[in-house]
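Asker: make a model of this:
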Amino acid sequence: QVQLVESGGGLVQAGGSLRLSCAASGRTFSNYPMGWFRQDPGKEREFVAAISWSGPSAVYVDSVKGRFTISRDNAKNTVTLQMNSLKPEDTAVYYCAVGRFRAGPSTTSRGYEYWGQGTQVTVSS
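Answerer: Numbers count the residues shown, from 1 in each chain. Alright, predicted model coming up:
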């Protein structure tokens with residue numbers, strides 16, 4: 001059974017940092033892109049960042065460029081999102097996901113097959 005478990009969310013003041021981690025189990029995902037999305041209640045799920053299976057290619061939504069960094073450890077089957085200089089508008093539930101295809105990484109939710117349960121990030125002003 002495939003399972004993705006996020007951790008590291010919480011409450012932080014604006015300007016602070018959080019580090020989200022996602023551990024995958026049930027199969028090896030080293031040959032697939034991995035990504036992070038976020039969703040506020042009543043809004044569409046939004047792409048945040050994604051990384052290719054080999055690691056060197058990463059893409060980000062414009063609003064987080066220069067503040068967030070995505071990385072992965074294929075040996076541990078994990079993906080991490082380092083979030084710095086957080087803003088109140090970063091508040092959302094953050095989800096990690098594994099790509100549906102080996103090519104990528106995709107910036108749309110349709111490009112991802114497996115999803116975690118989400119972790120809440122709240123940034124206070």
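Asker: low-confidence ranges in this protein?
Answerer: Per-residue confidence of the chain (counting by pLDDT under 70) places the weak regions at 55.
Asker: again, 80 this time
Answerer: 27-28, 54-56 (pLDDT under 80).
Asker: how about the helices in it?
Answerer: Secondary structure of the chain (DSSP state H): no helices located.
Asker: centroid-nearest residue for it?
Answerer: Geometric centre of the chain, nearest residue: Trp36, 2.1 Å, by C-alpha atoms, centre = their mean.
Asker: so what pairs up with that one in the strands?
Answerer: Ala49, Cys96 (DSSP bridges).
Asker: ok, it touching Ala92?
Answerer: No - using C-beta atoms under 8 Å, Trp36 makes no contact with Ala92, being 10.5 Å away. C-beta: built from backbone N, CA, C; applies to glycine.
Asker: count of residues packed around the closest residue to Gln13 other than its chain neighbours?
Answerer: Closest residue to Gln13 apart from its sequence neighbours, by C-beta to C-beta, 6 or more residues apart in numbering: Ser124 at 5.4 Å. If you count neighbours by other C-beta atoms under 10 Å, Ser124 ends up with 11.
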